[in-house]
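Student: Quick one: sequence plus predicted model below, questions after.
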Amino acid sequence: MTVHVAVGVIVDAGHRVLLTRRPEHVHQGGLWEFPGGKVEAGETLATALARELQEELGITPLRVSPLLEISHDYGDKHVLLDVHMVWEFAGEPSALEGQPMAWVAAEALGEYDFPEANDPIVDAVAVLLHGQSARGAVQANE
Ligand SMILES: Nc1nc2c([nH]c(=O)n2[C@@H]2O[C@H](COP(=O)(O)OP(=O)(O)OP(=O)(O)O)[C@@H](O)[C@H]2O)c(=O)[nH]1
Ligand SMILES: [Mg+2]
């Protein structure tokens, strides 16, 4: 069974992105993630993303664009991550579920530990916001 997940890459005016850290006891616990969660029955992707960002951070996404979809098998769980950029939002994000939260510059994303499925997201975000890979796979000539 595949778990469909709405994931938001939230960007601020300074092109930093919002990361939260997963609790230790959950799937992929202790790792950093982009906020989001499971799409519930009957929900559209947009509705699920808006609900999750409201529940986890207290913000409402206003301008959203699709980034990529990732299908990943963890062995114990298969996920389909539907990842959207969130360019504008209403409200001030705060960690409503008590999770650690950080605003991170695109070029520093490589310093954070993410679930395995997130590698393509980290690369795409770094290229989009910074023009080069955060993980060092692509070397730009400065
Ligand atoms: N939100 C989020 N989930 C991710 C990411 N990467 C990744 O593999 N996942 C996986 O996607 C699945 C669902 O995410 P979630 O745990 O946030 O779901 P949720 O907010 O609905 O949690 P809940 O079921 O405890 O209410 C988890 O198995 C998680 O490990 C990511 O960057 N963000
Ligand atoms: Mg979640």
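Tutor: Good, I have the coordinates. Numbering: from 1, shown residues only. Ligands and ions are numbered 1, 2, ... in the order given.

Student: all contacts plus neighbour counts: C-alpha atoms, from now on.
Tutor: Noted.

Student: okay but residue 70 is in contact with residue 117, surely?
Tutor: Yes: counting by CA atoms under 8 Å, residue 70 sits close enough to residue 117 to count as a contact (7.1 Å).

Student: got a list of what residue 94 touches?
Tutor: By CA atoms under 8 Å, 6 or more residues apart in numbering, the contact list for residue 94 reads 56, 57, 58, 101.

Student: The protein against ligand 2: which residues are in contact?
Tutor: 36, 37 (CA under 5 Å from the ion).

Student: And the residue nearest the centre of the chain?
Tutor: residue 34 (2.3 Å; CA atoms, centre = their mean).

Student: and whichever residue of the chain sits closest to ligand 2, how many neighbours?
Tutor: Going by CA to the ion, ligand 2 is nearest to residue 37 of the chain, at 3.9 Å. As a burial measure, residue 37 scores 21 neighbours (other CA atoms under 10 Å).

Student: which strands and helices sit next to the helix or strand hosting it?
Tutor: Element membership of residue 37 [criterion: DSSP states H and E] is strand 36-38. Under the contact definition 3 or more CA pairs under 8 Å, 6 or more residues apart in numbering; DSSP states H and E, strand 36-38 sits against strand 2-10, helix 45-57.

Student: Spell out the residue ranges of the strands in the protein.
Tutor: Ranges of strands in the chain, per DSSP state E, are 2-10, 16-21, 32-33, 36-38, 60-73, 78-90, 101-105.

Student: Need those strands in CSV (columns: distance to ligand 1).
Tutor: Below are the strands of the chain laid out as CSV (distance: least, CA to the nearest ligand atom, whole Å):
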stretch, distance to ligand 1
strand 2-10, 5
strand 16-21, 8
strand 32-33, 4
strand 36-38, 3
strand 60-73, 8
strand 78-90, 6
strand 101-105, 13
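
Student: Mean pLDDT for those strands - can I get that in TSV?
Tutor: Below are these laid out as TSV (pLDDT from 0 to 100):
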stretch	mean pLDDT
strand 2-10	98
strand 16-21	98
strand 32-33	98
strand 36-38	98
strand 60-73	98
strand 78-90	98
strand 101-105	97
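
Student: Tabulate the ones you listed (TSV), appending distance to residue 129.
Tutor: Converted to TSV, the strands of the chain look like this (distance: least, CA to CA, whole Å):
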stretch	distance to residue 129
strand 2-10	11
strand 16-21	9
strand 32-33	17
strand 36-38	20
strand 60-73	12
strand 78-90	11
strand 101-105	9
